[in-house]
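In: pasting the sequence and the predicted coordinates here, then a few questions.
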Protein chains: 2
Amino acid sequence: MSADETPWLDDRQQQAWRAWLAMGSRLPAALNRQLQRDSDLSLQDFDVLVQLTDTEDGRVRVSALAAALGWERSRLSHHVTRMERRGLVAREECGDDGRGAFVVLTPEGRAAIEAAAPGHVRTVRSLVFDALTPAEVASLEAITSKVLGRLEDA
Amino acid sequence: MSADETPWLDDRQQQAWRAWLAMGSRLPAALNRQLQRDSDLSLQDFDVLVQLTDTEDGRVRVSALAAALGWERSRLSHHVTRMERRGLVAREECGDDGRGAFVVLTPEGRAAIEAAAPGHVRTVRSLVFDALTPAEVASLEAITSKVLGRLEDA
DNA sequence: CCAACATGCGTGACATGTCAACCATTCCCG
DNA sequence: CGGGAATGGTTGACATGTCACGCATGTTGG
């Protein structure tokens, strides 16, 4: 960290970075508002439910779920406790491994996400994809994948 | 919401969307870790300090600051209270408008951000921009701006 | 002038996320 | 075997964000 070995961002990078940051905070907020308003679910609730519906029997081990979501286990544990209280999911013991636990989708949970999904997708489309050309979508995917790669290395 | 008027996302859109979501949660986390570790600042502290250093005299009205950050005023108020306790910023009354208040950068705050900035920029570059071609940066800026436009309309 | 209303900000109760312990089980190796 | 280390999960204390409200000042219309 001697004299000046850290080049600042150039103008275009600055602009992209600021826009990126702004979008990164406002887009999730907007999605959350819509879900909350129309379906009484938070974006986080929705993410959990998506993971569960992605599996055959709606049962996932806690750690696997945390990994899939990119959450800390303790955060997930707290969140599952809250969702359990609302009847959206349930905990279940794991026969194979006495320590383990499953999170399972309840019928209420399934009903909730099925009711919420169409509106959510509609919102995502209208806020993001309807504004983008196919080439831009491809570009977005390329960019995010590259950055994700960097993040995994670090 | 009759039969099936909500087209799901196509494969490429799905992929882009998932990558986007993953990056949206992991990148801020990584930046936060670096700042916290090297400079004892949270990413939010940093954002506040950036806004203050962007002005001539390091003084900004609370509402203007909240708007610039895209935060709720009450969130900012709490955060300023905490930063004030650490000596990074201070509150100041507003002569023009007896209700108003300024947030001002203290010398300690200025020192903190000046110390933190190089490492932060280095991290942003290495995680994001070093991986991208100029064309991709341009594309990123175009995409994020379009989406931001949508968000403002809504 | 002054009574409503609007605006700028702070506060307190509560929801959520993080961090560091803490069991209970399972693994591993002497 | 048996005992320490590793693993899976939870919990509690605390940091942060949200929401609804309160208070003081400012603004406006009769």
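Out: Right, received. Where do you want to start?
In: is chain B within reach of the helix or strand where A:Val147 lies?
Out: Following DSSP states H and E, one finds A:Val147 within helix A:134-153. Yes: with C-beta under 8 Å from any C-beta of the partner chain as the criterion, chain B is reached by helix A:134-153 at A:134, A:136-151. All C-beta atoms are positioned from the backbone trio N, CA, C, and that covers glycine.
In: got the contact list for the residue nearest the centre of chain A?
Out: Ranked by distance to the mean C-alpha position of chain A (C-alpha atoms, centre = their mean), the top residue is A:Asp47 at 5.0 Å. The contact partners of A:Asp47, by C-beta atoms under 8 Å, 6 or more residues apart in numbering or on different chains, come to A:Leu69.
In: A:Arg82 too?
Out: So A:Arg82 contacts nothing (C-beta under 8 Å, 6+ apart).
In: remind me, longest helix of chain A?
Out: Ranked by residue count and defined by DSSP state H, the top helix of chain A is helix A:11-39.
In: wait, does that helix make contact with DNA strand C?
Out: No: contact of helix A:11-39 with DNA strand C (C-beta under 7 Å from any atom of the strand) is absent, the minimum separation being 9.0 Å.
In: pull out the buried positions in that helix.
Out: With burial defined by 16 or more other C-beta atoms under 10 Å in any protein chain shown, the residues of helix A:11-39 counted as buried are A:13, A:15-17, A:19-24, A:26-27, A:30-32, A:34-35, A:39.
In: swap in stretch A:105-116?
Out: Of all the residues in stretch A:105-116, those buried under the rule 16+ other C-beta under 10 Å are A:105-106, A:109, A:112-113, A:116.
In: in helices only, show me these.
Out: A:109, A:112-113, A:116.
In: a markdown table for those, including pLDDT and distance to chain B?
Out: A markdown table is the format used below for these (pLDDT from 0 to 100; distance: C-beta to the nearest C-beta, whole Å):
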| residue | pLDDT | distance to chain B |
| --- | --- | --- |
| A:Gly109 | 97 | 20 |
| A:Ala112 | 97 | 15 |
| A:Ile113 | 97 | 14 |
| A:Ala116 | 96 | 11 |
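In: pLDDT at the nearest residue to A:Glu108 once chain neighbours are set aside, what is it?
Out: Using C-beta to C-beta, 6 or more residues apart in numbering or on different chains and skipping the chain neighbours, the partner closest in space to A:Glu108 is A:Gly87 (4.7 Å). On the pLDDT scale, A:Gly87 is placed at 96.
In: so what's A:Gly87 up against?
Out: Residues in contact with A:Gly87 (C-beta under 8 Å, 6+ apart) are A:106, A:108-109.
In: ok but it is inside a helix, no?
Out: No: under DSSP: H, G, I helix; E, B strand; the rest coil, A:Gly87 falls outside any helix and is assigned coil.
In: and whatever residue of chain A ends up closest to DNA strand C, which of the three is it?
Out: Closest contact between chain A and DNA strand C, by C-beta to the nearest atom of the strand, is at A:Gly98 (2.6 Å). Under three-state DSSP, the three-state class of A:Gly98 is coil.
In: how about it, phi and psi?
Out: A:Gly98 adopts backbone torsions of phi -60, psi -20, taken as degrees, to the nearest 10.
In: same check, this time on A:Asp54
Out: phi -70, psi -20.
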